[in-house]
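J.: please find the sequence and the predicted model below.
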Amino acid sequence: MVPSRAGTKVLLLVLVSLAASCTSAATDDAPVGGSPPEITGPTSESSSSPSQPQDRPGLADARIDLQQVAVLEQPVALAVRPDDQALYFAEKVGRVVVLREDGAEPDVILDINGEVSQGSEQGLLGLAFSPDGDFLYINYTDVQGHTHVTKFRTQSDGLDLGSRRDVLFVPQPFSNHNGGNLAFGPDGYLYVGLGDGGSGGDPDGNGQSLQTLLGKMLRISPRPSDGDPYGIPPDNPFVGQDGARAEIWAYGLRNPWRYSFDRENGDLWIGDVGQSEREEIDVELAGSAGGLNFGWNLFEGTLSYEGGSEDDQTVSPVYEYPNRSGGCSVTGGYVYRGSRSRISRAPTSSGTSAKAAWRRSCCWTGRRRSCDRSPR
């Protein structure tokens, strides 16, 4: 789910001090239990967080300080290029804008406004730089609503527009659930999150089908290979399996709108938007061989949706919360281990995962404890 303020200007706010977690607009928007969660996951291990000194607030007292740095139109994604102090933003309307450190006005380095669809869950949805910074990859839906992952070579003053090349094209049957995020993993491969194709309830069964790229996390090498626009990593879990797409890394996702890798240990954290009952956070631990089934549409979170049972080899979310009528849909965030947060006495090995949500101004964090990725 993405914001639907077409034609309006929105303020871009950047975190200037992580005093603790974000605040909720109202108490009934808080996750289960009424306060920011501990992200624990299904595990039999017992673990406890260090006790907090009396003069230090806990997660429930968390706040974030914000400062306006620019005015952009529907910014939905941000990327940083290696060895470059500038910030690069994707505007949903079809522009890539750079904010340089010298305080100059934002500069448009790519404008494909006339090529993108403008539905509430469509447009320019994501961007990422290659690990060496030589290429920028964007994810957008075209005027017919289909998904493109396209790359451009970078140059000193922006992008070489003549170098444009489509890496991946995926037909979309409906206008919603397009995913849109892009992220390079610690392994150097590009991870592309795709929703289940849209409508509601996954009517085509894409989430559980290995014959389609929809409802999946893909893992590809975005360079040409053997005449194809991208390559398949040889250790992808479904390489050589009849009736399965080799690009698939994980499946059973409804709409992985945002996800990120823990920069310290390589864990993959996914915010998967729910249907009507549950929003969920999924984790794939570093070193996984891939092939995890996160359950949709057999399950919505931990709830059986389309006949899901304990016999199904699916992986439960590490955290979920109810999506009440008019509530918040999940947006994945990042693991934070810094020392600027007052909610911990020092950087911790477990980290804090920050998440946000659309529709109302919901933002929260949870401490990660242990995550058992065995099937439910």
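T.: Cool, got the structure.

J.: quick one: the strands in the stretch 251-376 of the chain, in order.
T.: Taking DSSP state E, counting those that start in this stretch as the criterion, the stretch 251-376 of the chain contains strands spanning 258-261, 268-272, 278-284, 299-300, 303-304, 319-322, 329-336, 352-358, 362-368.

J.: which residues are contacting the third one?
T.: So that's strand 278-284. With contact meaning C-beta atoms under 8 Å, 6 or more residues apart in numbering, strand 278-284 is reached by 39, 41, 250, 253, 267-274, 290, 292, 294, 300-303, 315, 317-323, 328-330, 332, 353, 355, 357, 371, 373. From N, CA and C alone the C-beta is placed, and that goes for glycine too.

J.: recalculate using a threshold of 6 Å.
T.: The contact list for strand 278-284 (C-beta atoms under 6 Å, 6 or more residues apart in numbering) reads 267-272, 292, 294, 300-301, 303, 317-321, 323, 329-330, 371.

J.: equivalent analysis for the fifth one, please.
T.: With C-beta under 6 Å, 6+ apart as the contact definition, strand 303-304 has outside contacts at 277-278.

J.: so in that sheet, which strands flank it, and in what orientation?
T.: When sheet partners are counted by DSSP bridges, strand 303-304 sits next to strand 299-300 (antiparallel).

J.: show me where pLDDT drops low in the stretch 51-200 of the chain?
T.: 51-62, 102 (pLDDT under 70).

J.: let's see 80
T.: Applying pLDDT under 80 to the stretch 51-200 of the chain picks out residues 51-65, 101-103.

J.: tell me where it has strands.
T.: Counting by DSSP E, counting those that start in this stretch, the strands of the stretch 51-200 of the chain are 65-72, 75-79, 87-91, 95-99, 107-111, 124-129, 135-141, 147-155, 158-170, 182-184, 190-194.

J.: just checking: what are the partner strands of the fourth one?
T.: For strand 95-99, the paired strands and their directions (DSSP bridges) read strand 87-91 (antiparallel), strand 107-111 (antiparallel).

J.: need the winner for burial among those strands.
T.: strand 87-91 (a mean of 23; mean count of other C-beta atoms under 10 Å).

J.: need the strands of the stretch 51-200 of the chain in a markdown table (columns: distance to residue 218).
T.: Below are the strands of the stretch 51-200 of the chain laid out as a markdown table (distance: least, C-beta to C-beta, whole Å):
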| stretch | distance to residue 218 |
| --- | --- |
| strand 65-72 | 28 |
| strand 75-79 | 17 |
| strand 87-91 | 19 |
| strand 95-99 | 22 |
| strand 107-111 | 23 |
| strand 124-129 | 13 |
| strand 135-141 | 11 |
| strand 147-155 | 9 |
| strand 158-170 | 8 |
| strand 182-184 | 10 |
| strand 190-194 | 4 |
